[in-house]
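>>> return atomic coordinates for the entry below.
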Amino acid sequence: MINIVLVTTYPAHATKNIGDHLITNSLVEILKDIVDCNINLVWRGASWESVRDVVLSADHVFFAGFAIRRSLAEKQHPFMRQLIKSEIPFSVISAGTSFQLNVDKLGFDRYDESTIALLKEIDKKAHVFSSRGALTHRFLKYAGCQNVIHGGDVAFYQKDRPSRFFDGSKPVKSVVISDPHRPEAFSSSFVFLAREVRKLFPHASLKVVIHSEGSEVVQICKAEGLDFDEIYKRPESGLDIYQECDVHIGYRVHGHVSALKNGKISYLLEQDGRGADYALTLERKMSVASFPKLGSKHGMSMLLSKLTRKRKSRARPVSIAPAEQLISMIRSDMDFDFRRFKGMEEQVERFSAENYELVRQALSSSKLV
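Numbering: from 1, shown residues only. Presented below is the predicted three-dimensional model:
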């Protein structure tokens, strides 16, 4: 049987972010749809000593959702250089960046020389090297990568497609709000959003979904009387809530992805460079930028301070204005049966098909299919 090693970004030992689990699961699903294989998962931040034996026994190594950050080899992917030297075939699927957006320039030139050099080496040696967003892809081209392919997020993969996509004419009976990744900065925005969504859909059930462990949004939900579900506790099934709802509104990019690939109406508040990467890649406008302010080191909502009984944070607060813009967009779309989303399934299906083909290409290049 073919032996695959899949390098995952899912932090099962830390925040348990269910979005990272989706990336991993989507790639596993593609691999198993293409070939009969044994898949060993290894954590991207593991030492070479801890993964050496399993990696050297692999027929192919896949990186799922490769995280591009400064000090790439030292912090994010410490065994990458040893893997390249081993000459074991490898591929990188859906690499992504997270730039700070409220700056004068994005800072492509702020990446250290060793990170740029490693990216160029990956670009030369990988059987397949793909990016997941327009911002990431431009950066990789800036870094000198010639072979990288813009394939979209592998998390869009879904073998069985919904029979009906984006039906905006039916009544909205259930709405889910995905939680902000940094609640200390987004608490006021989140409370405003939840209250306004209640007004927009007074007859629909409303639930807040918590994507990672330790979220202070739980305390806010209790204070606001909001129903919530800590879906990160069910990594294999938690995201099913996006199949069951009618509308998603919120902050998590993989909540957005999960809703869209299930043919559901979905709106995103972009929290950082990851959200912007998706917004620039999707062909329809369905998000609003909502980035923390620069300069102010105070002003965290008094609500969060009282709820968590913590001293005032240095988190930079987010204005509620972007949430107001998003609510205005949704309110307008309701009058036209959410026609903004009509035909959106074409791009979703293209992402799914392209990632399937990239994985098949990687396996074929090492003569595994």
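
>>> what residues sit buried inside the host helix or strand of residue 352?
With the criterion set as DSSP states H and E, the secondary-structure element containing residue 352 is helix 345-365. In terms of neighbour count (16 or more other C-beta atoms under 10 Å), helix 345-365 has its buried residues at 345, 347-348, 351-352, 354-356, 358-360, 362-363. The C-beta positions use only the backbone N, C-alpha and C, and glycine is treated the same way.

>>> all helices for the chain, in order.
Counting by DSSP state H, one finds helices in the chain at the ranges 18-34, 48-56, 80-86, 113-125, 134-142, 183-200, 217-224, 241-244, 253-261, 273-281, 302-308, 321-334, 345-365.

>>> then the third one to CSV, C-alphas only?
If I follow you right, that is helix 80-86. The C-alpha trace of helix 80-86 is given here as CSV (Å, rounded to 0.1, in the frame of the first residue of the first chain):
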residue,chain,number,x,y,z
MET,A,80,11.5,21.4,6.0
ARG,A,81,15.2,21.6,5.1
GLN,A,82,15.9,18.1,6.2
LEU,A,83,12.9,16.8,4.2
ILE,A,84,14.3,18.6,1.1
LYS,A,85,17.7,17.1,1.7
SER,A,86,16.2,13.6,2.1
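
>>> wait, residue 362 touches residue 91, no?
Yes - judged on C-beta atoms under 8 Å, residue 362 makes contact with residue 91 at a distance of 3.9 Å.

>>> tell me how far the residue nearest to residue 208 when sequence neighbours are not counted lies from residue 329.
The spatially closest residue to residue 208, leaving aside those adjacent along the chain, is residue 228, at 4.2 Å (C-beta to C-beta, 6 or more residues apart in numbering). Using C-beta to C-beta, to the nearest Å, we find residue 228 at a distance of 24 Å from residue 329.

>>> so which elements touch the helix holding residue 352?
For helix 345-365, the elements it packs on are helix 18-34, strand 60-64, strand 90-95, helix 253-261, judged by 3 or more C-beta pairs under 8 Å, 6 or more residues apart in numbering; DSSP states H and E.

>>> if we use 7 Å, what do you get?
For helix 345-365, the packing partners by 3 or more C-beta pairs under 7 Å, 6 or more residues apart in numbering; DSSP states H and E come out as helix 18-34, strand 90-95.

>>> quickly compare the ones you listed and say which is most buried.
Neighbour counts averaged per stretch over the helices and strands packed on helix 345-365 are highest for strand 90-95, at a mean of 26; criterion: mean count of other C-beta atoms under 10 Å.

>>> okay, residue 228 and residue 329: which has more neighbours?
Between residue 228 and residue 329, counted using other C-beta atoms under 10 Å, the more crowded position is residue 228 (20 against 16).

>>> what about that one, distance to residue 218?
Using C-beta to C-beta, one gets 6 Å for the distance from residue 228 to residue 218.

>>> what's the overlap in contacts for those two?
residue 210 (C-beta atoms under 7 Å, 6 or more residues apart in numbering).

>>> just to revisit the earlier point, show residues contacting the helix holding residue 352.
Defining contact as C-beta under 7 Å, 6+ apart, one finds that helix 345-365 is touched by 30-31, 34-35, 60, 91, 93, 127-128, 130, 149, 151-154, 156-158, 161, 165-166, 260-261, 263, 282-283, 369.

>>> flag the shaky bits of this structure, pLDDT-wise.
Across the chain, the stretches falling below the confidence threshold (pLDDT under 70) are 294-315.

>>> go with 50
For the chain, residues meeting the criterion pLDDT under 50 lie at 296-302, 305-306, 309-313.

>>> tell me how far the closest residue in space to residue 52 that isn't next to it in sequence lies from residue 118.
What sits nearest to residue 52 in space, not counting adjacent residues and going by C-beta to C-beta, 6+ apart, is residue 82, at 7.4 Å. The span separating residue 82 from residue 118 equals 12 Å under the rule C-beta to C-beta.

>>> cool, and residue 7?
As it turns out, when the distance is counted by C-beta to C-beta, residue 7 lies 15 Å from residue 118.

>>> among these two, which residue is more densely surrounded?
When residue 7 is set against residue 118 and neighbours are counted by other C-beta under 10 Å, the residue ahead is residue 7, at 27 against 19.

>>> centre of the chain versus stretch 139-153, how much separation?
Its chain's C-alpha centre lies 18 Å from the corresponding centre of stretch 139-153 when counted by C-alpha atoms, centre = their mean, to the nearest Å.

>>> how many residues are close by residue 89?
With neighbours defined by other C-beta under 10 Å, the count for residue 89 comes to 20.

>>> nearest residue to it other than its sequence neighbours?
Excluding the flanking residues, the one nearest residue 89 by C-beta to C-beta, 6+ apart is residue 366, at 4.1 Å.

>>> circling back: deepest of the helices of the chain, which one?
Highest mean neighbour count among the helices of the chain (mean count of other C-beta under 10 Å): helix 253-261, with a mean of 27.

>>> output the contacting helices and strands for that helix.
Here helix 253-261 is seen to pack against helix 18-34, helix 241-244, strand 247-250, strand 265-270, helix 273-281 when contacts are counted using 3+ C-beta pairs under 7 Å, 6+ apart.
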